[in-house]
Each structure stands twice: as C-alpha cells, then as structure tokens.
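# 3D model of this:
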Amino acid sequence: MRKIDGFWNSSAIVPLCVDQGASPIVKTARKSQSISVCWGTPVKVTSAFARLLRESQISNRGLESALQRLSVLENSWIEVQPTGRVRELACWLTQEHPLRAADGLQLAAALVWSQERPRNPLFICLDGRLAQAAQAEGFSVEVL
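Have a look, this model is predicted:
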C-alpha cells in the first residue's frame with residue numbers, strides 16, 4: 001500500500017477527518033507516516049468543518065468525530081511555524097501567483113519545509129490554483 005508523505009495543504013487534511021465516502025487515495029493517505037503542515041492549518045480545517053455543519057453536509061456527531069481525528073493528526077504531524085521568512089515568502093508568492101493570502105502562507109510554509117529547494121517533494125492539496133502554484137515552485141503535486 002502506497003504511503004503519501006509530504007506537505008499537506010489544509011484542503012487535503014479535511015478529507016482525512018470527515019467521513020464523506022473517501023476515495024481510495026484518501027484512505028491510503030490516512031496511513032501516511034509523515035504529514036507536514038502550515039501552523040494555520042488547524043484554523044482553516046476547523047473553519048471547513050464548521051461550514052460543512054452549516055451546510056448540513058455533516059451532523060453534530062460528524063463534527064465531533066472530525067475534530068477528534070484532527071486532534072490525533074495534530075499530535076503527530078510536523079508543523080511549520082510562522083516566521084518572518086514564511087511571511088516574506090507568502091508576500092512574494094501572492095504577487096507571483098493568483099493566490100489568496102492564506103494559500104500564500106501555506107505554500108510559503110511548504111517552501112520553508114523544503115528548505116526552499118522543492119525539487120520534487122510532494123505537495124498534497126485539493127485546490128487547483130494552489131496546486132499550479134506549487135508545481136511552478138518545483139513541488140511534485142498530488143491533487144486528491
């Protein structure tokens with residue numbers, strides 16, 4: 001069974017926590033041994049859970065389950081902290097690519113994680129625009 005280790009955008013973390021008929025790749029990804037994320041990922045993921053609840057795509061019980069899964073992931077993932085370099089790169093990335101601020105921060109964190117030499121490290125996400133920017137910056141991109 002293939003393991004998917006790399007830098008995970010928050011959009012790719014949500015399917016790991018919410019039961020919505022996960023695809024085979026998400027089921028495999030749940031067994032990843034090394035997940036790296038931006039420090040703001042828990043905020044973005046929790047916001048996504050709340051939106052799913054408001055849109056009746058998950059129940060209150062589903063929300064509780066998703067938050068528990070997120071907590072388990074948080075205890076094992078590698079988190080890139082907010083540094084001046086992350087901020088500087090995010091500002092530059094949002095000028096170079098059509099990215100929103102939060103996506104610029106996530107991609108900047110991925111660059112810091114890869115020591116600014118992303119020669120094929122894996123970047124996992126669900127956002128097409130962010131995937132294109134990550135690929136342009138040198139990442140190998142897995143779009144779940």
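
# how does this structure divide into domains?
With domains defined by automatic domain parsing, the chain comprises 10-79, 81-143.

# Quick check: mean pLDDT of the first one?
Averaged across domain 10-79, the pLDDT comes to 87.

# For it, what is the distance to the chain centroid?
Domain 10-79 sits 9 Å away from the centroid of its parent chain (Cα atoms, centre = their mean, to the nearest Å).

# show me the contacts for residue 96.
Counting by Cβ atoms under 8 Å, 6 or more residues apart in numbering, residue 96 makes contact with residue 133. In short, each C-beta sits where N, CA and C put it, glycine included.

# so of the domains of the chain, which one's packed in deepest?
domain 81-143 (a mean of 18; mean count of other Cβ atoms under 10 Å).

# first vs last residue of that one, how far apart are they?
24 Å (Cα to Cα, to the nearest Å).

# Repeat that for stretch 115-129.
22 Å.

# Next, the residues that contact that stretch from outside, please.
Residues from elsewhere that reach stretch 115-129, judged by Cβ under 8 Å, 6+ apart: 4-9, 11-12, 14-15, 29, 89, 97-99, 103, 107, 110-111, 113-114, 131, 134-135, 137-144.

# at 7 Å what do you get?
4-9, 11-12, 98-99, 103, 110-111, 114, 131, 134, 137-144 (Cβ atoms under 7 Å, 6 or more residues apart in numbering).

# Quick one: mean pLDDT over it.
Mean pLDDT, stretch 115-129: 89.

# How far away from the center of its chain is it?
Centroid separation for stretch 115-129 versus its chain: 10 Å, with Cα atoms, centre = their mean.

# just to revisit the earlier point, quick one: which of the contacts of stretch 115-129 sit in helices?
If you go by DSSP state H, those have 11, 12, 103, 110, 111, 131, 134 in helices.

# show me the contacts for the first one.
It stands for residue 11. Residues near residue 11 by Cβ under 7 Å, 6+ apart: 125, 126, 127.
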